[in-house]
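>>> Sequence below, structure please.
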Amino acid sequence: MRNCGIAELRNCGIAELRNCGMMVVGLWRVVLVTWIMGLMDGFQQLDGFGGSVVGAVEVIRGQDQVDESSEKAASKPYFEAATWPRNVSVVLGHPVALKCRVRLLGDRMLSWIRQRDLHVLTHATVSYTSDIRFSVHHIVPNDDWELRISSAEARDAGYYECQVNTEPKLHWPIYLQVYTAQAMIAGPSEVHVRQGSTLSVTCSLEGPQDGESALDWYHNDRRIDLENVRGAISLATERRDHFTKSRLLIPRADVHHGGNYTCVPTQALPVTVLVHVLNGEHPAAMQHGNRSGGGRRLHNVALSILCLIYWTFDHIIR
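I've put the predicted structure just below:
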């Protein structure tokens with residue numbers, strides 16, 4: 001086959017032209033693969049996949065033996081922390097569930113114990129109390145164990161324990177608070193106001209109350225202190241027998257006034273309302289999703305695009 005220069009391209013035969021085309025295709029494939037590999041290396045450095053990770057993998061691969069004591073320790077039951085709350089509140093007469101999550105329970109037994117009298121309420125799935133309000137439920141897929149009280153009474157308040165019969169025993173204490181009432185906020189659970197307009201939220205509490213009862217306001221988990229807001233917020237409280245009402249007033253709502261407002265009684269369950277301050281047609285303050293892992297997502301998207309370019313080009317030139 002003779003060389004096909006640019007000037008002689010018209011004189012090349014069909015077979016020779018096809019061979020020249022295949023050479024060009026091969027060259028483009030090399031260029032594309034080299035480009036993709038270079039970008040892959042750059043994204044790996046961006047996401048932190050460097051030599052330190054490779055070294056760590058080699059160390060893990062080198063651990064070909066595990067001590068027998070470590071295996072036994074890893075097989076012991078344990079409570080999964082931060083899954084269910086350790087402080088639970090309920091209004092008098094309402095149902096409530098105390099929950100714990102136990103991993104690797106195996107052939108061990110779990111019991112629910114009331115601490116004030118050390119009464120074993122349940123053992124495994126069997127109830128050991130004559131109080132029919134109490135029952136135990138095992139949620140198998142999640143390894144959750146629930147002690148349910150169908151109708152809470154004032155005497156139910158106190159500590160309960162989720163206990164596993166290991167040696168030593170595993171304990172997961174939960175405190176149950178029983179309130180006589182729950183605070184109420186008039187209107188919907190979300191309020192929309194325009195910037196510069198008046199924001200008014202009223203919280204009320206009905207039921208038996210002593211002289212020390214109060215209604216405190218919190219904005220995004222921070223207690224509202226009238227001495228620090230310099231007249232931007234005012235509170236008006238009204239008290240009668242078995243009734244307390246508190247009104248929060250902001251004459252000119254601004255962007256920073258948006259968020260959660262919580263009315264917290266001293267002797268009842270709190271209640272929260274979410275306030276949106278609108279600037280024109282759009283909320284002045286919006287929540288944004290977690291942006292962690294953006295480099296990893298960018299890496300995956302770029303890789304998909306590059307592979308699509310390579311596949312498309314390869315099929316076109318064929």
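>>> Secondary structure element holding the residue nearest to Ala152 when sequence neighbours are not counted?
Closest residue in space to Ala152, ignoring its immediate chain neighbours: Val90 at 4.6 Å, by CB to CB, 6 or more residues apart in numbering. The C-beta positions use only the backbone N, C-alpha and C, and glycine is treated the same way. Using DSSP states H and E, Val90 sits in strand 87-91.
>>> Show me what the helix or strand following that strand is packed up against.
Downstream of strand 87-91, the next assigned helix or strand under DSSP H and E is strand 96-103. Strand 96-103 makes packing contacts with strand 78-79, strand 87-91, strand 144-149, strand 158-164, strand 170-179 when contacts are defined by 3 or more CB pairs under 8 Å, 6 or more residues apart in numbering; DSSP states H and E.
>>> mind checking the end-to-end distance for stretch 189-203?
12 Å (CA to CA, to the nearest Å).
>>> Now it: buried residues?
Val191, Val193, Leu199, Val201, Thr202, Cys203 (16 or more other CB atoms under 10 Å).
>>> which two from those residues end up farthest apart in space?
Val193 and Cys203 (17.0 Å; CB to CB).
>>> In strands only, show me the buried residues of stretch 189-203.
Val191, Val193, Leu199, Val201, Thr202, Cys203 (DSSP state E).
>>> tell me the contacts of Ile224?
By CB atoms under 8 Å, 6 or more residues apart in numbering, Ile224 lies in contact with Asp216, Trp217, Tyr218, Ile233, Leu235, Leu248.
>>> that older thread, between the buried residues of stretch 189-203, which is nearest Tyr78?
Using CB to CB, the buried residues of stretch 189-203 come closest to Tyr78 at Cys203, 41.6 Å.
>>> ok, so what distance separates the nearest residue to that closest one once chain neighbours are set aside from Leu248?
Leaving out its chain neighbours, the residue that sits closest to Cys203 by CB to CB, 6+ apart is Cys263, at 3.4 Å. Applying CB to CB, to the nearest Å, the value for Cys263 to Leu248 is 8 Å.
>>> Find residues that contact each of these two.
Common neighbours of Cys263 and Leu248 (CB under 8 Å, 6+ apart) are Val201, Cys203, Trp217.
>>> For the residues you listed, give me a markdown table that also has pLDDT and distance to His137.
Formatted as a markdown table, these follow (pLDDT from 0 to 100; distance: CB to CB, whole Å):
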| residue | pLDDT | distance to His137 |
| --- | --- | --- |
| Val201 | 95 | 38 |
| Cys203 | 94 | 35 |
| Trp217 | 94 | 37 |
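>>> follow-up on the earlier one: skip ahead from the helix or strand encompassing the residue nearest to Cys203 and say which helix or strand is next.
Using DSSP H and E, Cys263 maps to strand 259-265. Counting by DSSP H and E, the next helix or strand C-terminal to strand 259-265 is strand 271-279.
>>> Just the closest of the shared contacts of Cys263 and Leu248 to Val277, please.
Taking these together and measuring to Val277 by CB to CB, the closest member is Val201, at 13.0 Å.
>>> If we ignore the residues flanking it in sequence, what's nearest that closest one?
Nearest to Val201 is Leu248, by CB to CB, 6+ apart, at 4.7 Å.
>>> What residues does that neighbour make contact with?
Counting by CB under 8 Å, 6+ apart, Leu248 has contacts Leu199, Ser200, Val201, Thr202, Cys203, Trp217, Ile224, Ile233, Ser234, Leu235, Tyr261.
>>> what sits against the nearest residue to Pro251 once chain neighbours are set aside?
Spatial nearest neighbour of Pro251, excluding adjacent residues (CB to CB, 6+ apart): Thr198 at 5.6 Å. Counting by CB under 8 Å, 6+ apart, Thr198 makes contact with Leu249, Ile250, Pro251, Arg252, Ala253.
>>> Can you report how many residues lie near Ile250?
20 (other CB atoms under 10 Å).
>>> Hmm, it is touching Val229, no?
No: contact criterion CB atoms under 8 Å: Ile250 and Val229 do not qualify, at 9.0 Å.
>>> give the contact list for Tyr175.
Arg86, Asn87, Val88, Gly158, Tyr159, Tyr160.
>>> What score does the third one have for pLDDT?
The predicted local confidence for Val88 comes out at a pLDDT of 94.
>>> Bridged to it, which residues?
Leu176 (DSSP bridges).
>>> Hmm, Tyr218 is touching Tyr261, no?
Yes: between Tyr218 and Tyr261 there is a contact at 7.2 Å, judged by CB under 8 Å.
>>> Pick out whichever of these two has more residues nearby.
Tyr261 (23 against 15).
>>> For that one, give its distance to Ile250.
Distance from Tyr261 to Ile250, by CB to CB: 10 Å.
>>> Likewise for Gly207?
From Gly207 to Ile250 the distance is 28 Å (CB to CB).
>>> go on, Phe243?
Phe243 sits 24 Å away from Ile250, taking CB to CB as the criterion.
>>> Quick one: low-confidence residue ranges for the stretch 101-250 of the chain.
Within the stretch 101-250 of the chain, the segments meeting pLDDT under 70 span 208-213, 230.
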